[in-house]
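Novice: following is a predicted model, sequence given first.
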Amino acid sequence: MTDTVRKIVAPLVFIIGILAAWEFAVWWHQLPDYRMASPSDLVPRYIRFWDLFLWKSWETLWRTVVGLGLAVVVGTLIGMVMGFSRFAREGLYPILVGFNAIPKATVVPIVALMFVGDHDFNTILIAFMISFFPIAVSVSIGLSTLEPEYRDILRSLGASNFTIFWKIALPKTLPEFFGALKVAVTLAFIGTNLMEIVSPHGRGLGDLFDSGRISADYPLMFAVLFAMAALGIMLFYVVVFLERIFAGWAERAPG
Amino acid sequence: MTARTAAPMIELKSVTHAYATKAGPLPVLDALSLQIPENTFCAVVGPSGCGKSTLTRLVSGLMKPNDGEVWLHSQRVTSPRPTVGMAFQNPVLLEWRTILDNVLLPMEIVRSPMSRAEARARALQLLELVGLSGFEHKRPSELSGGMRQRASLCRSIIHKPDVLILDEPFGALDAFTREDLWCTMHDLRAAEPFTCLLITHDLRESVFLADQVIVLSGRPAHAQYVMEVDFGPGKRDLEQLYTPQAAAMLATLRHQIQVAQGRAPADEGAA
């Protein structure tokens, strides 16, 4: 089996296997669909609500991406400040850790009330708040652990601090940055959905999930979960793709 | 070779330096004076932690001494200058660049009369000289430690510096690779002369490469002993390290290091 074929076939084998086991378990225990939906129950929901799924997925997707984009910009800036200034690092670190320790599920109702009606804004805000931490930490660690010799090589030629940052510190931090972005992309997605579920008359897949809950449509709720998984996988692999382009050099050659 | 000029290329005048530590100032260099004539090779040896690396940072202008003066090319050093090239024990190649682009890095910083094409041609020529032809487009991670250090040497002289500062660049290599690179150093110098300051722990390396070996005393360091090395005209050969002449020089240096470490009295003659 070639590498490419295996990369497509292996996940398919496992997905089909898991779906089959699930279908069998529901059938074996004779569970009604208001207690446990089976994969075959989901298909009619997708057919019936297909337009709604597309629309709601788009709402979730764009707000997650904007929140994540904000997290990248702000996280990188905070990381840079912490990476270059020891004073800022020691001052900001405990605050960031404390902020990160607050369960975001508790922040969601507060933000939902604060900006009531501003669905897009409060959703993006939560997606941002939940996902900038790993980016800030990884950038600051990447910058502060730059070996002094790297700096000296350019500094001994009279290079400015900006040149050193642009030519060495920034590219050297990219692998850590993308590692953090892989974590952040999933977190941002969780943030978006948290807000969509909690916020009244919300938008996105979270709202569709809530509609399923209110109308006791168990198969619809499960169908939404799968749509979320599909979106999450898609976003994750976009990051992997970008990582290959910008930090592919950090990957070890096979063998 | 260019004729030696009267003014030394590198001159330290009574340089004193101390680092601030929690336990108070730690004096590293104490009234260190030395002169390195143009186009000569000077090796500095000394006991561990005696301030050899501090010396390289002062000469390159990365640090300013507390007291005393550092002069390069009859100009006082107060900040880094592009006429200096540096290589360290760690080759510090940029992993995301090819070997060729790594060698060309200094050309992106310093202003040089060389055009892009000329710089590229020069880089390829240097890589060939050190035996890295065919590796121009490889990444550093695809090369062995010795090959990376060769590339690092090419990078340190790509911009035709007047002064090359080497801080134990062969220290982490195996013995055979090290001897290979010593010969490469002679080839590079034969191709184009430059003034070189080498910091090393290896006495054989200092004798084989240098025209002048300076032994630093223990911390705080001053120039304890200066030895002129002369194997006569012609390219040096590793065989020359096994002559009685070389053995005598090595014995003297070893004795001087023991004096610097405080293990032998200064007045006792060399073995």
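Specialist: Yep, it's here.

Novice: close to chain A: what parts of chain B are there?
Specialist: Residues of chain B found near chain A (C-beta under 8 Å from any C-beta of the partner chain) are B:57, B:60-62, B:79-82, B:84, B:86, B:88, B:90, B:92, B:94-96, B:105-106, B:108-110, B:139, B:141-142, B:155, B:159, B:165. (Each C-beta comes from the backbone N, C-alpha and C, glycine too.)

Novice: those residues in strands, which ones?
Specialist: Residues of those located in strands (DSSP state E): B:Val84, B:Met86, B:Phe88, B:Ile165.

Novice: out of the residues you listed, give me the two with the largest separation.
Specialist: Using C-beta to C-beta, the pair of these lying farthest apart is B:Val84 and B:Phe88, separated by 13.3 Å.

Novice: more neighbours: the two, which one.
Specialist: When B:Val84 and B:Phe88 are compared for neighbours, B:Val84 comes out ahead with 28 against 25, by other C-beta atoms under 10 Å in any protein chain shown.

Novice: which residues touch that one?
Specialist: A:Ser156, A:Leu157, B:Val59, B:Ser60, B:Gly61, B:Leu72, B:Pro161, B:Asp162, B:Val163, B:Leu164, B:Ile165 (C-beta atoms under 8 Å, 6 or more residues apart in numbering or on different chains).

Novice: the fifth one contacts B:Pro82, correct?
Specialist: Same thing as B:Gly61. No: counting by C-beta atoms under 8 Å, B:Gly61 does not reach B:Pro82; the two are 10.4 Å apart.

Novice: which helix runs longest in chain A?
Specialist: What stands out as the longest helix in chain A, according to DSSP state H, is helix A:50-84.

Novice: buried set for whichever helix or strand comes after it?
Specialist: With elements assigned by DSSP states H and E, the helix or strand that comes after helix A:50-84 is helix A:86-101. The neighbour-count check on helix A:86-101 (16 or more other C-beta atoms under 10 Å in any protein chain shown) flags A:Arg89, A:Leu92, A:Leu96 as buried.

Novice: go on, stretch B:62-77?
Specialist: Using 16+ other C-beta under 10 Å as the test for burial, stretch B:62-77 gives B:Leu62, B:Met63, B:Pro65, B:Gly68, B:Val70, B:Trp71, B:Leu72, B:His73, B:Val77.

Novice: also stretch A:104-122?
Specialist: For stretch A:104-122, by 16+ other C-beta under 10 Å, it's A:Lys104, A:Val107, A:Val108, A:Val111, A:Ala112, A:His119, A:Asn122.

Novice: start and end of that stretch, how far apart?
Specialist: Taking C-alpha to C-alpha, to the nearest Å, the first and last residues of stretch A:104-122 lie 13 Å apart.

Novice: try stretch B:205-217
Specialist: One end of stretch B:205-217 to the other measures 19 Å (C-alpha to C-alpha).

Novice: can you check stretch B:121-135 too?
Specialist: 15 Å.

Novice: same check on stretch A:93-109?
Specialist: Start to finish, the residues bounding stretch A:93-109 are 26 Å apart (C-alpha to C-alpha).

Novice: give me the contacts around that stretch.
Specialist: Residues from elsewhere that reach stretch A:93-109 (C-beta under 8 Å, 6+ apart): A:78, A:82, A:126, A:129-130, A:133, A:136-137, A:190-191, A:194-195, A:198-199.

Novice: tell me the pLDDT at the closest residue to chain A within the stretch 101-250 of chain B?
Specialist: Here the residue of the stretch 101-250 of chain B nearest chain A is B:Ile109; by C-beta to the nearest C-beta that distance is 4.4 Å. B:Ile109 is assigned 89 on the pLDDT scale.

Novice: related to what we said a few turns ago, buried sites along the longest helix of chain A?
Specialist: By 16+ other C-beta under 10 Å, the buried positions in helix A:50-84 come out as A:52-53, A:56-57, A:59-61, A:63-68, A:70-72, A:75-76, A:78-84.

Novice: list the buried residues of stretch A:188-204.
Specialist: Buried residues in stretch A:188-204, counted by 16+ other C-beta under 10 Å: A:188-199, A:202-204.

Novice: hmm, I typed the wrong one, I wanted stretch B:121-132.
Specialist: Under the neighbour-count criterion of 16+ other C-beta under 10 Å, stretch B:121-132 has B:Arg122, B:Ala123, B:Leu124, B:Leu126, B:Leu127, B:Leu129, B:Val130, B:Leu132 buried.

Novice: so how far is A:Ala10 from the fifth one?
Specialist: When C-beta to C-beta, to the nearest Å is applied, the distance between B:Leu127 and A:Ala10 equals 42 Å.

Novice: and the buried residues of stretch A:104-122, which is closest to A:Ala223?
Specialist: Of all these, A:Ala223 sits closest to A:His119, with 22.2 Å by C-beta to C-beta.

Novice: could I get the contacting residues of that closest one?
Specialist: A:His119 makes contacts with A:Ser199, A:His201, A:Gly202, A:Arg203, as judged by C-beta under 8 Å, 6+ apart.

Novice: before we move on, the earlier item: just the buried members of the residues of chain B next to chain A?
Specialist: The neighbour count (16+ other C-beta under 10 Å) marks B:57, B:60-62, B:80-82, B:84, B:86, B:88, B:90, B:92, B:94, B:96, B:105-106, B:109-110, B:139, B:155, B:159, B:165 as buried among these.

Novice: in helices only, show me these.
Specialist: Mapping these onto helices (DSSP H) picks out B:Arg57, B:Arg155.

Novice: quick check, pLDDT for residue 137.
Specialist: Using chain A here. Value for A:Val137, per-residue pLDDT: 91.

Novice: wrong one, I was asking about chain B
Specialist: We have a pLDDT of 93 for B:His137.

Novice: again with the one 4 residues further on
Specialist: Model confidence at B:Ser141, expressed as pLDDT, equals 91.

Novice: just give the closest residue to it, not the sequence neighbours.
Specialist: Of all residues not flanking B:Ser141 in the chain, B:Glu95 sits nearest, at 6.0 Å (C-beta to C-beta, 6 or more residues apart in numbering or on different chains).

Novice: and for B:Ala20?
Specialist: In space, B:Ala20 comes closest to B:Leu26 once its chain neighbours are excluded; the distance is 7.8 Å by C-beta to C-beta, 6+ apart.

Novice: ok, A:Phe49 next?
Specialist: Closest residue to A:Phe49 apart from its sequence neighbours, by C-beta to C-beta, 6+ apart: A:Leu220 at 7.2 Å.
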